[in-house]
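In: Structure of the sequence below:
(4 chains)
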Protein chains: 2
Amino acid sequence: MEKKLNILLAEDDDNLGQLLYTYLQSKGFAVTLARTGKAAYEKYNGNKTHFDFIILDVMMPEMDGFTLAKEIRELDKQTPILFLTAKALKEDKLHGFDLGADDYMTKPFSMEELLARITAIMKRVAPESRDVNESMFVGKIKYEPELSTLHLEDGVKKLTTKENQLLQLLVKNKNEILDRQATLRAVWGDDNYFNGRSMDVYIAKLRKLLKEDPSIEIMNIHGVGFKLIVKA
Amino acid sequence: MEKKLNILLAEDDDNLGQLLYTYLQSKGFAVTLARTGKAAYEKYNGNKTHFDFIILDVMMPEMDGFTLAKEIRELDKQTPILFLTAKALKEDKLHGFDLGADDYMTKPFSMEELLARITAIMKRVAPESRDVNESMFVGKIKYEPELSTLHLEDGVKKLTTKENQLLQLLVKNKNEILDRQATLRAVWGDDNYFNGRSMDVYIAKLRKLLKEDPSIEIMNIHGVGFKLIVKA
DNA sequence: TTCCACTGTTAAAAAAGGTTAAGCAATTTC
DNA sequence: GAAATTGCTTAACCTTTTTTAACAGTGGAA
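Out: Numbers count the residues shown, from 1 in each chain, chains lettered A, B, ... in the order given. Purely as a prediction, here's the structure:
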C-alpha cells in the first residue's frame, strides 16, 4: 500500500482553504490546514507530522508566506514549497524564488492546475520517506532517525531525544551549514544563551559518538553554525 | 445493518439544543448533548462512546468551543468538528483562531443546511478511520478497544480502564507523538505531578504487556510525551 | 597583538522517566 | 460482614536525559 503524502496548506481565506483542503484530500493527500503563518510554522515544527509538500498563501496574518518560507528554508532546503499569490506582481514572484520556492501560482487558478503542478514537482523531487524502518548511512555508520538508533561497532546505541533531533538536522543539511539560531529555535524552542551552551554540549556528544568513523567531522563555522562533513 | 453515527453536540442554549437533538436523532444519528464545554470534553473523553462527528457552539460557559476544539485536536486529528457561531461574532475572531480543516455555521441556520454539511463532511472522511474502535492489531497482537481486551500468547488479557484508555490513545496516534500533558488531561482529568507519575506507571504496565511482540516499542520523547512505534 | 565573544569539553546539578512495591478505597466473594 | 480481589495512586529508589557551571582554548575584529 502506498503511503499518503502529507501536505501542509497555509491559507487564511476560509472558502479557498476549505475548497483546496477538500479537493486535495479527495485526490489522496493527507492535508493539514493552517489559517495563519504562525500556526503553520508551529505545525511544521511540531514534530507530530512530517510534511512532503508545503503550500503557502503569500498574504497571511501574523506571519506572511515569505517569512514563513524563509524560516523553513533555514533548516530544510528540500521540502517543495509552492506559493499562492493574489498579486501578479513580478517582484512577488522573484522574491518567492529567492527564498527557494519551487513554484508559484497566481490567484485565481484552477484546482486541476494546482494538482498538476504538485504532481509535477513531486515527480522530480525524491520524496524523503518517513518510514519507521527507514535507515541511512552517515559515513559508514547506520542511522535510523525514526528509531533514534546508531549502529556502532560495539552495538546499537539508542540516541536521546535531543541527540536525535540534532543529528537529524545535521544529516539533512549534510555538507551545508546548519544555522545556529535556527537550529536552536527548532529544537530548543528558543535561541537564548543557555540553550546555545546546551547545544554545544550535544555537539560534543555527537562528535564522540561519530568518532569511530574518521571520515565524519562536525565542523564549527564561527558565529554561524555547524557543518556535518562526510569525506568521500 | 449500517451502524448509527454518534454525534457529540455541545450547545448551552436549551431551546436550540433540544431542537437540534431531536432533529438529528430523527435523521438517524445517535446524539449526545452537552450543555457546557467542560461537560462535552468529559463526555468526549469518557470511555462510553466513540464520536464520529462533533458540533460545538463557540460561546459556552466553562469552556468555549475553540478551546475545547483545540484540546480535542491535541489527541485526535481525525474527527470532524463543526462550529456554531452567533452572527454577532466578528469575522476576525474566527480568523484569529486556527480552526484547522473544520467547518463552521453562523446562527441562525436551517436544520437542512446543517444536515447537508454533516453528510457532506462525513462523505469525504476516510471510511477506514471511522471504525477505529472495532478491533485491530498492534503489531502481531490483537486489540479490541471496545472490549478492552488484548489477545496475548497466554490467553486473553482484560485491560483495566486506564490501561485501555492509554493504549487507545497510543494506537490512535501510532508513530506520532502522544502529548504528555494533553493525555493527562484527557485520561486523568488533570496534568499535575502525581497523575504524571501514575501515567508513567501505566506506560510501564503497557510495555510489559506488549513485550511479547519485539517489534512494538513505546518510546519516550523527553519532556514531550510518548510514541508508539511498530516496526515492520 | 590584544581583547572578547564564541566554542570545546567535562563535571555537577536538576529534571524527567522506569520500575517495583506499598497503601488505600471500592467492590466482590465467601 | 470479614476477607480477598481489583484498580488506581503514592512512595521509594534508581537511571537517564538535559541543563547549568566552570574552565580552558580559538578566532576574528580593532
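
In: in chain A, what spans have low per-residue confidence?
Out: Scanning chain A for pLDDT under 70 picks out A:1-2, A:87-99, A:126-133.

In: can I see the domain layout of it?
Out: Using automatic domain parsing, the domain ranges for chain A come out as A:6-124, A:160-230.

In: so of the ones you listed, which one's packed in deepest?
Out: Among the domains of chain A, domain A:6-124 has the highest mean neighbour count (mean count of other CB atoms under 10 Å in any protein chain shown), at a mean of 18. All C-beta atoms are positioned from the backbone trio N, CA, C, and that covers glycine.

In: Any residues of chain A in contact with DNA strand D? List them.
Out: A:158, A:160-163, A:188, A:194-195, A:197-198, A:201-202, A:222 (CB under 7 Å from any atom of the strand).

In: Next step: those restricted to helices.
Out: Residues from the residues of chain A next to DNA strand D lying in helices, with DSSP state H as the criterion: A:161, A:162, A:163, A:194, A:195, A:197, A:198, A:201, A:202.

In: List just the nearest of these to chain B.
Out: residue A:161 (4.3 Å; CB to the nearest CB).

In: That closest one touches residue A:148, doesn't it?
Out: Yes - between residue A:161 and residue A:148 there is a contact under CB atoms under 8 Å: 7.4 Å.

In: who are the neighbours in contact with the closest residue to residue A:17 other than its chain neighbours?
Out: Among residues not flanking residue A:17 along the chain, residue A:11 sits closest, at 4.1 Å (CB to CB, 6 or more residues apart in numbering or on different chains). The contact partners of residue A:11, by CB atoms under 8 Å, 6 or more residues apart in numbering or on different chains, come to A:17, A:20, A:33, A:34, A:35, A:55, A:57, A:60, A:84.

In: Look up the closest residue to the closest residue to DNA strand C within chain A, ignoring the ones flanking it.
Out: Residue nearest to DNA strand C within chain A: residue A:220 (3.5 Å; CB to the nearest atom of the strand). Excluding its sequence neighbours, the residue lying closest to residue A:220 (CB to CB, 6+ apart) is residue A:226, at 5.8 Å.

In: check which helix or strand covers the one you found.
Out: Residue A:226 is part of strand A:225-230 when elements are defined by DSSP states H and E.

In: gap between residue A:15 and DNA strand D?
Out: For residue A:15, the distance to DNA strand D equals 42 Å [CB to the nearest atom of the strand, to the nearest Å].

In: ranges for the strands of chain A?
Out: With strands called from DSSP state E, chain A shows them at A:6-10, A:30-34, A:53-57, A:81-85, A:103-106, A:136-138, A:141-144, A:149-152, A:155-158, A:177-179, A:216-221, A:225-230.

In: Now do the contacts for the spatially most central residue of chain A.
Out: The centre of chain A sits closest to residue A:76, judged by CA atoms, centre = their mean, with a distance of 3.9 Å. Contact analysis of residue A:76 by CB under 8 Å, 6+ apart lists residue A:172.

In: Could you measure from it over to residue A:40?
Out: 13 Å (CB to CB, to the nearest Å).

In: Touching both of those two, which residues are there?
Out: Between them, residue A:76 and residue A:40 share no contacting residue, judged by CB under 8 Å, 6+ apart.

In: For whichever residue of chain A sits closest to DNA strand D, which non-adjacent residue is spatially closest?
Out: When scored by CB to the nearest atom of the strand, chain A has residue A:160 as its residue closest to DNA strand D, at 2.7 Å. Once flanking residues are discounted, residue A:160 sits nearest to residue B:222: 6.6 Å by CB to CB, 6+ apart.

In: Residue A:229 too?
Out: Using CB to CB, 6+ apart, the nearest residue to residue A:229 is residue A:217, at 4.5 Å.

In: go on, residue A:181?
Out: Spatial nearest neighbour of residue A:181, chain neighbours left out: residue A:191 (4.6 Å); criterion: CB to CB, 6+ apart.

In: just residue A:59 next, same as before
Out: residue A:86 (6.4 Å).

In: For the closest residue to residue A:166 other than its chain neighbours, give me its contacts.
Out: Counting by CB to CB, 6+ apart, residue A:166 lies nearest to residue A:202, which is 5.3 Å off, once chain neighbours are set aside. Going by CB under 8 Å, 6+ apart, residue A:202 touches A:162, A:163, A:166.

In: my guess is the first one meets residue A:187, correct?
Out: Yes - shown here, residue A:162 and residue A:187 form a contact pair, counting by CB under 8 Å, at 6.9 Å.

In: who's in contact with the residue nearest to residue A:68 when sequence neighbours are not counted?
Out: Excluding the flanking residues, the one nearest residue A:68 by CB to CB, 6+ apart is residue A:37, at 4.5 Å. Residue A:37 is in contact with A:10, A:56, A:60, A:61, A:62, A:63, A:64, A:65, A:67, A:68, counting by CB under 8 Å, 6+ apart.

In: Mind doing that once more with 6 Å?
Out: Taking CB atoms under 6 Å, 6 or more residues apart in numbering or on different chains, we find residue A:37 in contact with A:60, A:62, A:63, A:64, A:68.

In: measure the closest residue to residue A:72 other than its chain neighbours to chain B for me?
Out: Leaving aside its sequence neighbours, residue A:72 sits nearest to residue A:44 (CB to CB, 6+ apart; 6.2 Å). With the distance defined as CB to the nearest CB, to the nearest Å, residue A:44 ends up 13 Å from chain B.

In: which residue of chain A sits farthest from its center?
Out: What lies farthest from the middle of chain A is residue A:154; by CA atoms, centre = their mean that is 32.1 Å.
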